[in-house]
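Undergrad: Here's my sequence, what's the structure:
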Amino acid sequence: LALPPPPGFRPPRPRRLAMAGAFDSHELASRQLALLLAPPTDEDVAAYYASLLAPGRPGHGDVLVKPSSKYQGRGLFAARDFAEGERVLCEPPLVGIQQESNREDATVCAQCFRYVGSIERQIATRLLRDSHREACEGVVERRVLEELLQGARTLPNSRDFPLPECFECHGGCDRNRYCSDACASNAWSRHERHLCVGPCGGERGLAAAAFVNHAKETNDIFPLAARVLLETAHAAENNRTSRLAAASGTPSGTPHSSEIEPASTDDDADRCLVDAWRPYAMAHKGVWWETVARPADVAAGKGEDEFRDSMRDIAVESLGLLRATVALSDVNSIDRYPGLFTVEVYARVIGMFELNNLEIAVASPVEDYFLTADETFPEDSPERLITGPLLDALDVGYCTPCEGTGFFALQSCVNSDCDPNVAPLKDDGDRDGACVLVAKRRVKKGEELTMCYVDEDADVRERRAELADYGFECACERC
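TA: Next up, the predicted model:
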């Protein structure tokens with residue numbers, strides 16, 4: 001699906017390269033691509049998960065990663081005994097994103113998924129959307145909603161549900177909000193300076209808008225895959241800067257240390273890139289258009305070939321739009337790490353999310369507010385006369401949570417079983433995008449942890465059909 005670019009967008013003019021430079025760039029890209037696609041050695045895997053589970057890190061002393069004797073590949077194992085209902089793991093996402101369709105229902109930090117602003121702002125933002133205009137007619141005045149949004153009006157007892165202050169994106173876009181300046185700065189440096197569609201970006205912002213709009217119409221996983229590439233390049237550049245600063249005797253992070261450019265080799269850049277890529281090197285990754293199961297309405301043979309070719313074309317278009325915005329914001333990322341910004345890598349990152357992503361869900365404080373109001377205020381009280389119309393306008397959507405998707409380094413090692421011993425389950429204190437796994441029954445030390453990735457109450461045929469979409473055939477005792 002080829003979409004027209006936004007008005008005013010002009011693709012960046014290609015820079016001329018001498019023949020030798022073009023050859024060198026191609027050679028560098030090929031070498032880096034081979035390094036990125038190479039499977040990690042057993043020693044690399046052991047070292048990575050040992051560092052991931054080091055003292056002070058989530059999961060230390062509770063779980064460990066090792067080869068599974070029952071399932072293919074590696075698994076996550078209990079490092080101690082767990083009682084039924086005990087929390088086994090609480091892990092933040094390595095990378096995650098809010099679902100595009102959920103942005104109207106939940107204003108959350110784009111970095112950690114905490115709800116931000118205030119109860120009033122959460123309610124007003126949702127009801128002022130065009131999709132709720134009809135529901136509000138004759139129920140809630142627009143003036144009241146605007147006052148709630150601007151902080152000029154407060155709701156009864158809303159101070160009992162405090163939320164972090166809302167911080168704007170550094171680029172001025174209205175797509176992303178943050179719970180702190182630290183989260184906003186972290187997101188900006190790692191990926192948002194390339195993907196922000198705000199007015200501060202100029203032509204680069206228009207290029208980013210073209211990428212985002214294409215993703216909205218094709219696959220909303222593309223921005224998440226883009227974050228993986230951009231954050232990997234950012235980490236690689238930080239590694240390189242630290243090494244160069246150390247070589248020159250200037251401590252990393254001191255003024256102008258990032259501007260130091262002593263002689264460095266392509267091997268240095270390669271090592272920095274491989275180190276930055278390591279978290280994703282551990283994940284199972286298939287090429288996106290090869291990983292997706294053939295839909296039932298697509299005929300085998302030529303029809304399937306055309307279906308997969310169209311997916312490849314979409315991925316190529318998406319990567320081209322991403323490269324266009326990166327070229328306008330930091331062309332050094334593409335020049336220094338050309339192997340990273342290739343369709344071979346991009347397709348495998350998208351495929352990684354097809355096979356390994358987990359839903360991110362954060363309960364809405366708006367639901368808690370209205371439930372408490374219902375229990376606290378009598379039906380004919382002045383307070384209920386204020387909260388009642390808002391609840392009526394929201395209708396059943398008042399309890400809609402934040403919904404997203406993410407990749408978790410440890411949770412992605414958990415194998416599927418239709419009679420699992422752990423399950424994702426959050427309590428009232430979990431207010432961010434972390435994955436929380438709780439023991440469904442007593443788990444002994446050394447036992448492999450498993451969870452069901454489909455509806456475990458469905459019959460075996462339904463479970464098999466759903467798992468087939470992931471290219472997986474379950475061989476658990478129930479199946």
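Undergrad: C-alpha only now, for contacts and for neighbours.
TA: Noted.
Undergrad: from the chain's centre, how far out does stretch 167-176 sit?
TA: 17 Å (C-alpha atoms, centre = their mean, to the nearest Å).
Undergrad: same check, this time on stretch 100-107
TA: Worked out by C-alpha atoms, centre = their mean, stretch 100-107 lies 14 Å from the chain centre.
Undergrad: Same check on stretch 340-353?
TA: On the basis of C-alpha atoms, centre = their mean, stretch 340-353 sits 15 Å off its chain's mean C-alpha point.
Undergrad: mean confidence score for that stretch?
TA: Across stretch 340-353, pLDDT averages out at 97.
Undergrad: Report the buried residues of it.
TA: Across stretch 340-353, burial judged by 16 or more other C-alpha atoms under 10 Å covers 340-353.
Undergrad: what's the answer for stretch 94-103, then?
TA: Val95, Gly96, Ile97, Gln98, Gln99, Arg103.
Undergrad: Just the terminal-to-terminal distance for it.
TA: The straight-line separation of the ends of stretch 94-103 (C-alpha to C-alpha, to the nearest Å) is 21 Å.
Undergrad: Including pLDDT, could the buried residues of stretch 94-103 go into CSV?
TA: Below are those laid out as CSV (pLDDT from 0 to 100):
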residue, pLDDT
Val95, 97
Gly96, 97
Ile97, 97
Gln98, 97
Gln99, 96
Arg103, 94
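Undergrad: Which of these fall in strands?
TA: Cross-referencing the buried residues of stretch 94-103 against strands under DSSP state E gives Val95, Gly96, Ile97, Gln98.
Undergrad: The residue nearest to Trp289 when sequence neighbours are not counted sits in which helix or strand?
TA: In this structure, Trp289 finds its nearest non-sequential neighbour in Arg308, 5.3 Å apart by C-alpha to C-alpha, 6 or more residues apart in numbering. Assigned by DSSP states H and E, Arg308 falls within helix 302-329.
Undergrad: Who are the packing partners of that helix?
TA: Using 3 or more C-alpha pairs under 8 Å, 6 or more residues apart in numbering; DSSP states H and E as the contact test, the elements touching helix 302-329 are helix 193-195, helix 203-218, helix 288-291, helix 331-336, helix 343-356.
Undergrad: JSON lines for those helices, including distance to Asp267?
TA: Putting the helices and strands packed on helix 302-329 into JSON lines (distance: least, C-alpha to C-alpha, whole Å) gives the following:
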{"stretch": "helix 193-195", "distance to Asp267": "26"}
{"stretch": "helix 203-218", "distance to Asp267": "31"}
{"stretch": "helix 288-291", "distance to Asp267": "29"}
{"stretch": "helix 331-336", "distance to Asp267": "11"}
{"stretch": "helix 343-356", "distance to Asp267": "20"}
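Undergrad: Most tightly packed of those?
TA: helix 193-195 (a mean of 26; mean count of other C-alpha atoms under 10 Å).
Undergrad: averaged over its residues, what pLDDT does that helix have?
TA: 95.
Undergrad: contact partners of it?
TA: Contacts to helix 193-195, defined as C-alpha atoms under 8 Å, 6 or more residues apart in numbering, come from residues Gly171, Arg204, Gly205, Ala208, Ala209, Val212, Thr325, Val326, Ser329, Asp330.
Undergrad: State the pair within those that is farthest apart.
TA: Val212 and Asp330 (18.1 Å; C-alpha to C-alpha).
Undergrad: can you count the residues close to Arg442?
TA: Neighbours of Arg442 under the rule other C-alpha atoms under 10 Å: 14.
Undergrad: Next: the one 3 residues further on.
TA: Per other C-alpha under 10 Å, the neighbour tally for Lys445 reads 14.
Undergrad: swap in the one 5 residues further on?
TA: A count of nearby residues for Thr450, using other C-alpha under 10 Å, gives 22.
Undergrad: mind checking how far stretch 32-42 is from the chain centre?
TA: What separates the centre of stretch 32-42 from the centre of its chain is 23 Å, taken as C-alpha atoms, centre = their mean.
Undergrad: quick one, strands of the chain?
TA: Going by DSSP E, the chain shows strands at 63-67, 74-78, 87-91, 95-98, 167-168, 177-178, 358-362, 402-407, 415-416, 422-424, 435-439, 450-451.
Undergrad: Figure out which of these is closest to Ile334.
TA: With C-alpha to C-alpha as the criterion, Ile334 lies closest to strand 95-98 of the strands of the chain, at 21.0 Å.
Undergrad: which other helices and strands contact that closest one?
TA: helix 222-248, strand 402-407.
Undergrad: which of the ones you listed sits most buried?
TA: strand 402-407 (a mean of 22).
Undergrad: I'd like the distance from that strand to the chain centre, please.
TA: 6 Å.
Undergrad: Next: stretch 128-148.
TA: Using C-alpha atoms, centre = their mean, the offset of stretch 128-148 from its chain centre is 31 Å.
Undergrad: Now do the buried residues in that stretch.
TA: Buried, per 16+ other C-alpha under 10 Å, within stretch 128-148: Leu128, Ala135, Cys136, Val140, Arg142, Leu145, Glu146, Leu148.
Undergrad: Show me the contact partners of it.
TA: Under C-alpha under 8 Å, 6+ apart, the answer for stretch 128-148 is 104, 120-121, 124, 126-127, 153-154, 389-390, 392-394.
Undergrad: With respect to Cys418, which of those residues is nearest?
TA: Among the contacts of stretch 128-148, Glu104 lies closest to Cys418 (C-alpha to C-alpha), at 34.3 Å.
Undergrad: residues touching the residue lying closest to that closest one once chain neighbours are set aside, list them.
TA: Spatially, and ignoring its direct neighbours in sequence, Glu104 is nearest to Arg126 (5.9 Å; C-alpha to C-alpha, 6+ apart). Shown here is Arg126, whose contacts under the criterion C-alpha under 8 Å, 6+ apart are Glu104, Asp105, Ala106, His132.
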